[in-house]
Structures are given as structure tokens and as C-alpha cells.
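>>> Sequence and predicted model, in that order:
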Amino acid sequence: MNSTTTAISDLAIGNRASLGSKFDRLRRALTQYLAQGLVVAFSGGVDSAFLVWAAERELITNGGRFLALTTSSDSLSSAERVDVEKFVAMYNIPHIWCESKEFDDASYLTNDRSRCYHCKSELFRICGEVAAEHGLATIAYGFNASDVGDIRPGHRAAIENGIVSPLADAGLTKNDIRELMRINDIPLADKPASPCLSSRIVTGVSITSEKVRAVDKLETLLRERGLRVFRVRVHETNGAKFARLEVAPEEMELAFSLREEFTAAAKDLGFRWVTLDLEGYKTGGGNLSGA
């Protein structure tokens, strides 16, 4: 074995040990929370999926009380609903659905940069009611160490409502979480980021049920045609809507081959213009001027 291979092997061993240490911290925290009763907000994304899996594992090992909770509204995509239902069934996770009312909140529908704050405030209000009803002392969600330092209005709502972040507290990053999911053969390990459908409406363009349902239909079509990493963004000018498709660079060719079908579907849903963004997919692509 040459020195380069040895260094790589030592690094891998060191990384695995660090990962194990972080996971042990998470397990200890979950054991304490479960003893007094724990609610986990489960969105269907990678982070919250790992958190509910870990909580269920500790529940089996050490006992306690645990409930996963998912809210449902027009902002939840069809794909996310399927992922939630499959995941909780696979691991026999105690889970409930609750109807969320953020679409009744004018501050949310305005779609300014505080949208996520209003959405998470509604989520945590519901979690608090359920926790009180079931006598569960702690509410947790999937905020992780990679999120620390980002501007996240939703996390402000978590702090205000006393919500804990066991993944971040354990030092687990997004990459750590994906790696632990692969090691434990947990589905969704390689699932792309999946924020709510309202995030597709460009900042400053008002949110409506009609718009997010149109996005859901278009993204379902593209997913069925083989695209994996993409967003359909909704812009509006002088009352006319246009759809801007962002895709990962390596999927650009496939997206272009679907242009006729996608354009026809978008126009049937009321979009005047349909565009393919040549810059490709980027996180935060909806945080632009609505003009």
C-alpha cells in the first residue's frame, strides 16, 4: 500500500469515527426527548426522514413516546405526499396528517421574504396543539448543521416556538445525514432538495392555490419524463404568468427534448410564456424580483 492510499484510508477511518460520534450525540438527545414524549415535524425531505427514522430506532431500543406529524395543504406536492406515506409505512412510524391553514394567512400569500416564517409558524402552532393533546413535551424538526448561518426565517419561527433541532445540535451536516442514510440503507438518501411548492412562486408574486397546483402538475409531468433535479418557477407581469424551468446542467438536453409537451401543458394551465433557464437549476432561484 503506498503512502497516498494509506492517507486516504486513514482519512476515511477518521471521517467514519467523527460521523459515529455525531450519531451517538443524536441518539442520546433523542433518548432524552422520547422519555418525555417527542413530536417530529416530518416534511418528507431527507433531513426530517432521517430524524424520524432515528427517533423510531431509539423508541424501539429505549422506549418512550413518539409521533411524526406532516401538515397537508396546497403547497405540499403530490410527490412529497407519496414519499411520506411510503416512508412511514416502511418503518412502521407512528404518524398523523394535519391540515395546515397557511393559505388563510394574508401575510403568507403576499410572498415576501418572510413567507417561510409564516409557514413554519403555522406548522409549529399545529405541532404544539398536537403535542399538548398527546402529552408530548418536545417538538423537533430537521434543521441541520449545514443550515446554521444561513438566513432562514423559518428557523426564527422555530426558536420563537421552542422547537429543538437535534441534527444541528449533534453537528450533523447535510452530507453527514445522507451518508448515514446510505450506511443504514435508508431510502431517500439521494433525494434532491424538496422545498414546498410555494417556493416556486417568485418572491413578490402573490401565492394562490391555482398557481401552486399548476406547478405541481407541471413538475409531475417532468418527473414522469425522467427529470430529477429541476424547478418550475412562476413569474407574473401585468397579470400575465410565465413559467421558467430550471434544470441541472446535465439534464438540460432532456429538458429541451420535452419542450413541445411541456409548453403545451403550461399554456393549458394559463401560462402565456414558457422559458428554459440556460443558467440551470440553482438553490434560491425563486428569490428574485417578481417583475
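Sure thing, it's come through. Numbers count the residues shown, from 1 in each chain.
>>> so the residue lying closest to Ala189 once chain neighbours are set aside, which of the three states?
Using CB to CB, 6 or more residues apart in numbering and skipping residues adjacent in sequence, the residue nearest Ala189 is Met181, 3.6 Å away. Any C-beta I mention is one placed from the backbone N, CA and C, and that applies to glycine too. Secondary structure, DSSP: H, G, I helix; E, B strand; the rest coil: Met181 is helix.
>>> Pull the number of nearby residues for Met181.
20 (other CB atoms under 10 Å).
>>> How confident was the prediction at it?
pLDDT for Met181: 96.
>>> residue contacts, it?
46, 49-50, 53, 187-189 (CB atoms under 8 Å, 6 or more residues apart in numbering).
>>> export these to TSV and tack on secondary structure and neighbour count?
Conversion of the contacts of Met181 to TSV gives the following (DSSP: H, G, I helix; E, B strand; the rest coil; neighbours: other CB atoms under 10 Å):
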residue	secondary structure	neighbour count
Val46	helix	22
Ala49	helix	27
Phe50	helix	24
Trp53	helix	22
Pro187	coil	14
Leu188	coil	19
Ala189	coil	17
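>>> For Arg25, which non-adjacent residue is closest in space?
Ala170 is the one closest to Arg25 (CB to CB, 6+ apart), at 4.1 Å.
>>> ok, the one you found touching Leu19?
No - counting by CB atoms under 8 Å, Ala170 stays clear of Leu19, with 10.4 Å between them.
>>> Would you map the strands across the stretch 1-150 of the chain?
Under the criterion DSSP state E, counting those that start in this stretch, the stretch 1-150 of the chain contains strands at 38-41, 66-72, 95-99, 138-140.
>>> picking that back up, what separation do you get for the residue nearest to Arg25 and Ala35?
From Ala170 across to Ala35, the span is 17 Å (CB to CB, to the nearest Å).
>>> Between those two, point out the one with more neighbours.
Ala170 (21 against 14).
>>> So for that one, what's the pLDDT?
Looking at Ala170, the pLDDT reads 98.
>>> Check Arg213 too.
So, for Arg213, pLDDT stands at 97.
>>> now do Ser194
83.
>>> Now it: closest residue in space, sequence neighbours ignored.
Counting by CB to CB, 6+ apart, the residue nearest Ser194 is Gly45, at 5.2 Å.
>>> pretty sure the one you found is in contact with Cys196, am I right?
No - using CB under 8 Å, Gly45 makes no contact with Cys196, being 9.9 Å away.
>>> Please report the distance of the residue nearest to Ala189 from Arg81.
20 Å.
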